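would you be able to build a 3D model of this:
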Amino acid sequence: MHNVSSTMKFNHISFPSHDVSATAAFFVRHLGCSVSDFGSSKILKRHDFDIVVEDATEHAVQWPDNFHIGFELPSAADVLAMCEDFKAAGVVFETDVIRHLRGSRFFCRIPGGVMVEINTREDAAEAYRAGFGRA
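Residues are numbered from 1 along each chain as shown. Take a look at the predicted model:
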């Protein structure tokens, strides 16, 4: 039997926001996305996946404490530089840069409330540099 999951790729993530425009603007300004309207929601495009920001102005949104989406940069210097850029832009931080077994990282809250992790595996323990244990 052919294992079709071996050909599967990540396609998109969809999450709610009370401020769709501000959430989308963050992704465009800081994370290199392009944006298009989808009714009252937005679709953010990256080269390999989409982010759908759903309009939740009529709904309660409550994020689990540890829910987040992560973006990986090539180096620890890049993580530090993005952290400084975010600080200058007034982004709300959950942590400063953390040296972690899986590499340097920081967590912040973007408009709309979702937590974002910015990380690198450049300075991760050897087991995590090649993708083993990637999360």
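
return the helix or strand in this protein with minimum mean pLDDT.
Confidence across the helices and strands of the chain bottoms out at helix 126-129, with a mean of 84, counting by mean pLDDT, DSSP states H and E.

residues contacting residue 40?
Residue 40 makes contact with 20, 55, 57 under the criterion C-beta atoms under 8 Å, 6 or more residues apart in numbering. C-beta here means a position set from N, CA and C on the backbone, and glycine is covered the same way.

output the least confident helix or strand of the chain as CSV - backbone C-alpha positions only.
Taking C-alpha atoms only, helix 126-129 is exported to CSV below (Å, rounded to 0.1, in the frame of the first residue of the first chain):
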residue,chain,number,x,y,z
GLU,A,126,23.2,18.4,17.6
ALA,A,127,20.1,16.1,17.7
TYR,A,128,17.9,19.0,16.7
ARG,A,129,19.9,20.6,14.0
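
buried residues, that helix. List them.
Buried positions in helix 126-129, judged by neighbour count with 16 or more other C-beta atoms under 10 Å: residue 128.

chain center to that helix, what's the gap?
Mean-position distance between helix 126-129 and its chain equals 21 Å (C-alpha atoms, centre = their mean, to the nearest Å).

for stretch 27-36, same thing?
11 Å.
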